[in-house]
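Have a look at this prediction, sequence included:
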Amino acid sequence: MEYAFEGAVIEWRGPAPFYYVPMPVEDAEDLKEDARGLEYWGQVAVTATIGATTFTTALFPKDGTYLLPLKVAVRKAEGIGLDDTVAVQMRLGHEA
């Protein structure tokens, strides 16, 4: 299953800052249904593309949606900063 959405980059602070793109709630509801049986501790493995960069990661459930983690390498390659709006193409699993 494939998803396409746009979202603003947020920061979640811990011992180090982490950056995420929240999915729209409507898309998250569909994804939760599509990913039934694929979750591992609530996380869902995905392959995502932002700009020309494709990467694998796992979505985190939070507040009725999922957060797409943005790796440092992805943010650097695409020039992504806090509060930037990015377009995401994403599919379930870690398949190339």
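Sure, I can see it. Numbering: from 1, shown residues only.

What is the helix or strand bottoming out on mean pLDDT in the chain packed up against?
Lowest mean confidence among the helices and strands of the chain (mean pLDDT, DSSP states H and E): helix 25-34, at a mean of 84. For helix 25-34, the packing partners by 3 or more CB pairs under 8 Å, 6 or more residues apart in numbering; DSSP states H and E come out as strand 2-8, strand 65-69. In short, each C-beta sits where N, CA and C put it, glycine included.

What are the neighbouring residues in contact with the residue nearest the centre of the chain?
For the chain, the residue nearest the mean C-alpha position is Leu68 (1.9 Å; CA atoms, centre = their mean). Taking CB atoms under 8 Å, 6 or more residues apart in numbering, we find Leu68 in contact with 7, 20-23, 46, 48, 57, 59, 88, 90.

For Val74, which residues are in contact?
By CB under 8 Å, 6+ apart, the contact set of Val74 is 50, 53, 55, 80.
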